[in-house]
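Colleague: Okay, structure incoming, though there's no sequence with it:
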């Protein structure tokens with residue numbers, strides 16, 4: 001009788017213990033990853049959008065929003081930090097550090113975060129904040145989200 005329960009237990013639970021972390025497809029996120037020149041320094045960030053042309057994607061500027069955004073890159077930092085905590089894969093740690101380095105490059109001297117980065121290297125800062133304090137405040141808080 002004990003043998004029967006052991007076999008049932010093995011059949012049901014052994015596959016569950018070997019599942020581990022599911023495989024994630026981060027290919028598109030890696031495609032969005034790019035170098036950006038910020039105040040004469042190269043930082044690794046992520047494009048906001050990509051459009052499909054034919055059978056391939058092309059980095060695309062978001063009209064009125066720019067090419068990259070602090071809150072989007074902050075989310076990337078959170079993702080890779082969480083993946084690193086689950087898997088201890090150094091690749092995830094490196095990507096998280098790159099994203100956080102990018103986010104910190106957008107912190108202004110008063111502690112606020114510059115929100116958007118335009119194609120021509122123009123930063124949109126407190127202009128957005130002055131026009132709409134709620135949106136500016138919400139977006140700036142998102143720059144702090146991945147910070148410990």
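Modeller: Thanks, I have it. From a predicted model like this one, the values you see are computed outputs, not experimental measurements.
Colleague: SS state for residue 50?
Modeller: strand (DSSP: H, G, I helix; E, B strand; the rest coil).
Colleague: could you measure it against residue 103, distance?
Modeller: 21 Å (C-beta to C-beta, to the nearest Å). C-betas here are computed from N, CA, C, even on glycine.
Colleague: ditto for residue 67
Modeller: For residue 67, the distance to residue 103 - C-beta to C-beta - is 15 Å.
Colleague: Please identify which of the two sits among more neighbours.
Modeller: Between residue 67 and residue 103, counted using other C-beta atoms under 10 Å, the more crowded position is residue 103 (24 against 21).
Colleague: Phi and psi next, for that one.
Modeller: Backbone geometry at residue 103, expressed as degrees, to the nearest 10, gives phi -60, psi -50.
Colleague: In the protein, mark out all the helices, start to finish.
Modeller: With helices called from DSSP state H, the chain shows them at 2-17, 27-32, 70-87, 90-105, 126-131, 133-144.
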